[in-house]
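Novice: With the sequence up front, the predicted model follows.
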Amino acid sequence: MSTKNKRRELRLTSHDEDLLIEAAGLAGVSVSEFLLTKAIQDAEELVEQHRNIGLDSDSYSRFLATLDRSASAPAELVKQLMKTRLLKHSD
């Protein structure tokens, strides 16, 4: 288990403080542990949602077909490359 060596502070209303104390007591943990556990759970879920893309079967098939298509260079890029001087190899 890693050492907890960082600190985070927050400001809250008396009502929120009372609610957190009651909830932590009902859960049988300290307020800090209650807050940390809930925050970490929510953070993991949110990050996971943004790291993964869910597609239905039809969309997934279209996505794979798009990946399988051969790519073609954009016309402007080809035009610019044609203007570029050829490099000569020197020994």
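Specialist: Thanks, I have it.
Novice: helices and strands around the helix or strand in which Glu76 is found, which ones?
Specialist: If you go by DSSP states H and E, Glu76 is part of helix 75-83. Counting contacts by 3 or more Cβ pairs under 8 Å, 6 or more residues apart in numbering; DSSP states H and E, helix 75-83 packs against no other helix or strand. For the C-beta atoms, the positions are set from N, CA and C on the backbone; glycine is no exception.
Novice: tell me which helix or strand of the chain sits lowest on mean pLDDT?
Specialist: helix 75-83 (a mean of 83; mean pLDDT, DSSP states H and E).
Novice: Touching that helix from outside, list them.
Specialist: For helix 75-83, contacts defined as Cβ atoms under 8 Å, 6 or more residues apart in numbering pick out no residues.
Novice: Number the residues from 59 up from this point.
Specialist: Okay, using 59 as the starting number, the last item reads as helix 133-141.
Novice: For it, buried residues please.
Specialist: Residues of helix 133-141 classed as buried by neighbour count (16 or more other Cβ atoms under 10 Å): none.
Novice: likewise stretch 83-98?
Specialist: For stretch 83-98, by 16+ other Cβ under 10 Å, it's Phe92, Leu93.
Novice: cool, stretch 63-78 as well?
Specialist: Buried residues in stretch 63-78, counted by 16+ other Cβ under 10 Å: Leu78.
Novice: what about it, start to end distance?
Specialist: 23 Å (Cα to Cα, to the nearest Å).
Novice: So what touches it?
Specialist: The contact list for stretch 63-78, computed with Cβ under 8 Å, 6+ apart, reads Val89, Phe92, Leu93.
Novice: Tell me which of those fall in helices.
Specialist: In helices, defined here by DSSP state H, the members of the contacts of stretch 63-78 are Val89, Phe92, Leu93.
Novice: what's the last one in contact with, if anything?
Specialist: The neighbourhood of Leu93, defined by Cβ under 8 Å, 6+ apart, consists of Leu78, Ala82.
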